[in-house]
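[1] Take this sequence and fold it.
(chains A and B)
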Amino acid sequence: MSLPEDSIVAKNLFKRFGRTEAVNDLSFRIGQGQIVGFLGPNGAGKSTTLRMLTGILPATSGHLNVCGKSVPLHEREIRREIGYMPENNPLPEDMRVIEYLRFRAQIKGIPLRRRRARIEHAMEVCELQRKARRKIIGTLSKGFRQRVGIADAILAEPSVTILDEPTIGLDPHQVIAIRRLLDNLRGETTVIFSSHILSEVEISCDRILILNQGRLVASGTSDELRMEFLPGSHYKLEVAGEPASITGSLQSLGEEWTIDLAPIPKNGYYEVSLLNKENGTDGEAILGRLTNMENLRIRSFHSVQPNLEQIFLKATRRSWDLPGETPPALPQKETASAK
Amino acid sequence: MIQVFRLTRHELKSLFYTPSTYIAMVLSLLMMGFFYFVMLETISSEEQDQLPPTIFFSLFWVPVLLIVPMLTMRSIAEERRLGTIETLLTAPVQPSQLVLSKFLAAYIFYMLVWVLAMAYPILTAFVIDQPEFNEKLFHTGATTGGYLFISASGALFIAIGIFTSSLTRSQLVAGMLSFSILFMLIVGVAAIHMLQIETATGSGLPDTVLDYFQLFEHFDDFSRGLIDTRPFVYYFSGTIAVLGFSVLVIESKS
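    Residues are numbered from 1 along each chain as shown, chains lettered A, B, ... in the order given. From the prediction side, this is the model:
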């Protein structure tokens, strides 16, 4: 039973293409107004799931509700509730942006009196109204084409906007523009988008769903995923002093801490890694204890947070069922501030 | 229905923006012009039993084989190749609305070509300016019958073109397939009919069945001013069935 605040409810969803299980027992809920990122390696079933949400691809079995209505039973009504930009963003090459949006507004059934306002709003949100307004779509850059696709998706004020790889092939400036655009959509509509740019998903999304081999392998906010997949607390510090006395002092923090001291100092300071397998250690308290140790001179203190890339690799690796294969060491990314 | 109207208007716009449409139109009109010229030459050299419009319309199949594949091969195959069919169907547009709009746009254009072909008798009448000959050129029965046949059979031909375009994402394959089916339908059935008569074995399809599918038989009736309901039933039901298959193909492939 779906709650009214759930925009999308998928329960035990299966999709088979011949003998291939593209989507395998997928269940998730997406609340109203949330921005949700779909992550997964190629062939994980992201696009298939998104296409099933639009009703264009029927599921083999399972329950799928969008805006409280069953997708197979209310296909027509649901298509009116959804704005969809497919993968690769197909657009007619020979039409002008404004002509295309007018045509789309017509066939989406936007009433004549609201049509102009809706087109202008969509163009404004997607920053198309100045440069690209009267340009032929075939001559537009990739970034502007993506914006046209997104403008089309949000044109009819859909309850749910589905964007399949909206940032694919874009340069960093264009990615930032799309991020700004997603921020503009926050609160207006539920947004589901798939992406390979993990940092993008981390910044823009309220929730992340990670798919692999058609299964949902992780779901939650980036902090929740961090705690689930890469638990523990990790700090890095630069200290001056004798290696033996540094190690001795740090051991007083407790047995739960693993201390890794770099053998060679850099500019007279040793790099030390402090690792605790438990979540939720108080960085401020640790720093307080370290600064009170007499024989330690601390230059910097960092909290090291695993990024989404590491979580993604961990989550997808765990579900790959490769017996006997040892996963390679995961790269670490330093975040947080220095002292 | 308003959705079909909107889509048809969009399709017509796209057709008029596409160079291949104009190439098809110009080539067809050139070919029709050539046939018209040959027909006038024949009439001027010796007395003919048939009226000029009948002789002209009897060659309908040559421009049909050229113009129908060129007009229709792009319609759905191109949408599928670009992927725009997905955005259309989630717009929301029903596959039946999409097929009907593509059909109507191509059919309107097809009929436009044939209407433009009326320029030839008008030009001839203007140049020759002989009242008795002009009466033959614009013989009401033969001209109306010819156009009725063209409009009825054209619906089936265009529907076949739309159907072949729905089968593939390659315009070329769609065009070749449409040409082959039209050739079989127009020339193939006539050839089977002739062969049956020649062998006179008595086996095979009965003449009445073959006559029902024989487009040239229908044309003879129409050109003599004989308006029978059977050809209309054949073309109308054929058009609906082929368009229905196109809808099924789109639904199954999306």
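[2] Could you use CA atoms for every contact and neighbour count after this?
    OK.
[3] the strands in the stretch 201-339 of chain A, which residues?
    Listed in chain order, the strands of the stretch 201-339 of chain A (DSSP state E, counting those that start in this stretch) span residues A:207-212, A:215-220, A:233-240, A:257-261, A:270-276, A:297-303.
[4] With chain A in mind, check whether stretch B:3-23 reaches it.
    Yes: remark: stretch B:3-23 sits within contact range of chain A at B:3, B:6-7, B:10, by C-alpha under 8 Å from any C-alpha of the partner chain.
[5] Pull out the buried residues from these.
    In the residues of stretch B:3-23 next to chain A, burial by neighbour count holds for B:3, B:7, B:10, counting by 16 or more other C-alpha atoms under 10 Å in any protein chain shown.
[6] confidence score at the residue lying closest to residue A:51 once chain neighbours are set aside?
    Closest residue in space to residue A:51, ignoring its immediate chain neighbours: residue A:57 at 5.6 Å, by C-alpha to C-alpha, 6 or more residues apart in numbering or on different chains. On the pLDDT scale, residue A:57 is placed at 87.
[7] What values do phi and psi take at residue A:57?
    The phi and psi torsions at residue A:57 (degrees, to the nearest 10) take the values phi -120, psi 120.
[8] so it touches residue A:47, yeah?
    No: using C-alpha atoms under 8 Å as the test, residue A:57 is too far from residue A:47 to be in contact (10.4 Å).
[9] quick one, what contacts residue A:259?
    A:247, A:250-251, A:272-275 (C-alpha atoms under 8 Å, 6 or more residues apart in numbering or on different chains).
[10] any idea how far residue A:242 is from it?
    With distances taken as C-alpha to C-alpha, to the nearest Å, residue A:259 is found 15 Å from residue A:242.
[11] what's the answer for residue B:74, then?
    In terms of C-alpha to C-alpha, residue B:74 sits 78 Å off from residue A:242.
[12] out of everything not next to it in sequence, what's closest to the residue most central in space within chain A?
    Geometric centre of chain A, nearest residue: residue A:201, 2.5 Å, by C-alpha atoms, centre = their mean. Once flanking residues are discounted, residue A:201 sits nearest to residue A:37: 5.7 Å by C-alpha to C-alpha, 6+ apart.
[13] What average pLDDT does whichever strand or helix holds the one you found get?
    Element membership for residue A:37, per DSSP states H and E: strand A:35-39. Here strand A:35-39 scores 88 as its mean pLDDT.
[14] Which residues does it contact?
    A:30, A:46, A:186, A:190-196, A:198, A:201, A:204-211, A:312.
[15] Going toward the C-terminus from that strand, what's the next helix or strand?
    Counting by DSSP H and E, what follows strand A:35-39 is helix A:46-54.
[16] related to what we said a few turns ago, where's the residue nearest to residue A:201 relative to chain B, distance?
    21 Å (C-alpha to the nearest C-alpha, to the nearest Å).
[17] And for that residue, the neighbour number?
    27 (other C-alpha atoms under 10 Å in any protein chain shown).
[18] Likewise for residue B:176?
    Quick note: residue B:176 (other C-alpha under 10 Å) scores 16 neighbours.
[19] That one against residue B:72, yeah?
    No: assessed by C-alpha under 8 Å, residue B:176 is found out of contact with residue B:72, at 11.2 Å.
[20] which residues are in contact with stretch A:159-170?
    Applying C-alpha under 8 Å, 6+ apart, the set of residues contacting stretch A:159-170 is A:7, A:47, A:50, A:67, A:81-89, A:142-143, A:146, A:150, A:153-154, A:175, A:178, A:189-197.
[21] Which ones among these lie within helices?
    A:47, A:50, A:81, A:142-143, A:146, A:150, A:153-154, A:175, A:178 (DSSP state H).
[22] Can you narrow those down to the ones near chain B?
    Near chain B, by the rule C-alpha under 8 Å from any C-alpha, you find none of those.
[23] Could you dump these into a markdown table and include pLDDT, neighbour count and distance to residue A:299?
    What follows is those, written out as a markdown table (pLDDT from 0 to 100; neighbours: other C-alpha atoms under 10 Å in any protein chain shown; distance: C-alpha to C-alpha, whole Å):
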| residue | pLDDT | neighbour count | distance to residue A:299 |
| --- | --- | --- | --- |
| A:47 | 88 | 20 | 48 |
| A:50 | 91 | 23 | 49 |
| A:81 | 86 | 19 | 56 |
| A:142 | 84 | 18 | 46 |
| A:143 | 83 | 20 | 44 |
| A:146 | 87 | 27 | 46 |
| A:150 | 88 | 27 | 48 |
| A:153 | 90 | 24 | 51 |
| A:154 | 87 | 28 | 50 |
| A:175 | 78 | 18 | 36 |
| A:178 | 78 | 22 | 39 |
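[24] will you turn the residues you listed into CSV that also has distance to residue B:68?
    Listed next are these as CSV, based on distance: C-alpha to C-alpha, whole Å:
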residue, distance to residue B:68
A:47, 36
A:50, 37
A:81, 38
A:142, 35
A:143, 38
A:146, 35
A:150, 36
A:153, 35
A:154, 38
A:175, 45
A:178, 44
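[25] Go through those and name the one nearest residue B:23.
    Comparing those against residue B:23 with C-alpha to C-alpha places residue A:142 closest, at 31.4 Å.
[26] Relative to chain B, how far out is the residue lying closest to the closest one once chain neighbours are set aside?
    Spatial nearest neighbour of residue A:142, excluding adjacent residues (C-alpha to C-alpha, 6+ apart): residue A:170 at 6.8 Å. Distance, residue A:170 to chain B, by C-alpha to the nearest C-alpha: 20 Å.
[27] Just say helix, strand or coil for residue A:170.
    Under DSSP: H, G, I helix; E, B strand; the rest coil, residue A:170 falls in the coil class.
[28] Now residue 62: which helix or strand?
    Went with chain A since none was named. strand A:61-66.
[29] My question was about chain B, not that one.
    Going by DSSP H and E, residue B:62 is in helix B:61-72.
[30] got the residues of chain B near chain A?
    B:3, B:6-7, B:10, B:82-84, B:86-87, B:89-93, B:254.
[31] and the least confident of the residues you listed?
    residue B:254 (66).
[32] Return the member of the ones in helices among the contacts of stretch A:159-170 nearest to residue B:240.
    residue A:81 (31.6 Å).
[33] on that earlier part again, packing partners of the helix holding residue B:62?
    The helices and strands touching helix B:61-72, judged by 3 or more C-alpha pairs under 8 Å, 6 or more residues apart in numbering or on different chains; DSSP states H and E, are helix B:19-45, helix B:95-116, helix B:140-167, helix B:171-183.
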